[in-house]
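Participant: Everything below, folded, please.
(one chain, ligands or ions: 2)
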Amino acid sequence: MTVTVTNSGPDAATGGDPPALAASDVTVSFGGLTALSLVSLDVSRGSIVGLVGPNGAGKSTLLAVLSGLLRPDSGRVRLQGDDVTDVSARLRASRGLARTFQQPELFMGLTVREHLVLAHRARVVPHRMWRDMLDPRALFMNSPGENEKVDGLLELLRLTHVAKAPVAALPLGVIRLVEVGRALASEPQVLLLDEPLSGLDLHGSENLITVFRRIVDQSDDGLSLVIVEHDVAAVLALSNSVVVLDFGQRIAVGTPEDVRSDPVVRAAYLGDAEPPQRANADRPPPGAGSRPGGDSG
Ligand code: ADP
Ligand code: MG
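Facilitator: Ligands and ions are numbered 1, 2, ... in the order given. All right, here's what the predicted structure looks like:
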């Protein structure tokens with residue numbers, strides 16, 4: 001039997017591998033409101049794609065479509081070239097798609113290490129997580145290779161020194177790292193991050209950005225990230241390619257350089273001002289997060 005993989009976007013033109021994740025012509029309406037209109041996006045293997053745009057632009061809606069929480073009215077989503085538009089979020093997760101949420105969903109009494117152990121076991125032995133949750137003694141019975149894997153994750157995220165600390169005692173920046181660690185424990189091909197820097201101070205967000213670059217660069221199997229973020233300067237500094245949404249439309253796509261100099265983006269989103277340098281950039285630039293003219297309606 002011959003299987004034909006239909007590519008979309010630039011990789012199709014070069015005849016290379018299909019993108020790790022791709023959306024093509026995705027449209028989503030909520031009642032009379034068009035949240036996304038014919039939006040396409042390609043995430044190449046081993047790349048970081050930044051998704052930016054003012055509040056209400058459709059960023060979270062697009063992440064929901066990519067992760068499988070929301071079915072688009074039209075358009076397709078492909079994971080490693082396979083059409084997964086009708087595949088549930090749970091099955092997409094088992095096929096290499098992970099995500100973190102804006103609000104951390106952690107068990108405040110458990111330590112950093114215990115969170116990673118549980119996440120690792122949920123992949124290796126899915127039913128075991130429930131036994132571990134119900135019987136505290138089970139948490140101490142290691143599965144083969146577990147310590148090595150969890151220690152590697154702690155080291156990758158530079159969390160070894162807080163491994164035994166309950167997460168309740170930790171600052172938000174560290175909690176975000178634990179969330180990233182839990183997602184990575186499932187050994188995803190693509191990780192979706194919704195506003196991972198929100199609420200962090202400059203030090204916390206710079207640390208997280210360094211970690212994002214490191215987890216992609218050190219990945220053996222070409223991990224890609226899609227990062228939705230308000231902090232435009234951070235996204236431009238971190239991403240290999242950037243997609244800009246405005247009122248549900250993709251108004252620009254390209255390298256950070258392309259996007260930074262795009263007159264449409266500058267007018268619609270950057271308020272026609274250079275994004276601030278990272279040194280002052282822990283807050284969105286003026287105009288980000290509100291509509292030009294402030295009449296969002
Ligand atoms: P962003 O994440 O870029 O701020 P969203 O994707 O959350 O934007 O929202 C895009 C638009 O869709 C907004 O106008 C928002 O109010 C609307 N919207 C999002 N989710 C829903 C929903 N579940 N029901 C109705 N409208 C929604
Ligand atoms: Mg959002």
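Participant: Count residues in the vicinity of the residue nearest to Leu223 when sequence neighbours are not counted, would you?
Facilitator: Nearest non-adjacent residue to Leu223, counting by CB to CB, 6 or more residues apart in numbering: Val216, 5.6 Å away. In this view, the C-beta of every residue, glycine as well, is placed from N, C-alpha and C. Under the neighbour criterion other CB atoms under 10 Å, Val216 is assigned a count of 18.
Participant: is it true that Val216 touches Ser224?
Facilitator: Yes - judged on CB atoms under 8 Å, Val216 makes contact with Ser224 at a distance of 7.2 Å.
Participant: can you list residues touching both of these two?
Facilitator: 46-48 (CB atoms under 8 Å, 6 or more residues apart in numbering).
Participant: For Leu63, list the residues it contacts.
Facilitator: 51, 99, 192, 194, 226, 228.
Participant: ok, of those, which one's closest to ligand 1?
Facilitator: Val228 (6.8 Å; CB to the nearest ligand atom).
Participant: Contacts only, for that closest one.
Facilitator: Here Val228 is in contact with 51-52, 59-60, 63, 192-195 (criterion: CB under 8 Å, 6+ apart).
Participant: re earlier: mind giving me CSV with the shared contacts of Val216 and Ser224 and columns for pLDDT?
Facilitator: Shown next, in CSV, are the shared contacts of Val216 and Ser224 (pLDDT from 0 to 100):
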residue, pLDDT
Gly46, 97
Ser47, 97
Ile48, 98
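Participant: Strands along the stretch 51-200 of the chain, start to end?
Facilitator: Assigned by DSSP state E, counting those that start in this stretch, the stretch 51-200 of the chain shows strands spanning 74-79, 82-83, 97-100, 190-194.
Participant: Distance from the chain centre to the second one, please.
Facilitator: Using CA atoms, centre = their mean, to the nearest Å, we find the averaged C-alpha position of strand 82-83 to lie 20 Å away from the chain's own average C-alpha position.
Participant: Could you do stretch 203-215 as well?
Facilitator: 13 Å.
Participant: What of stretch 47-65?
Facilitator: 9 Å.
Participant: Any buried residues in it, and which?
Facilitator: 47-54, 56-65 (16 or more other CB atoms under 10 Å).
Participant: any low-confidence regions in the stretch 101-250 of the chain?
Facilitator: 102, 104, 124-142, 144 (pLDDT under 70).
Participant: near ligand 2, which residues of the protein show up?
Facilitator: 59-60 (CB under 5 Å from the ion).
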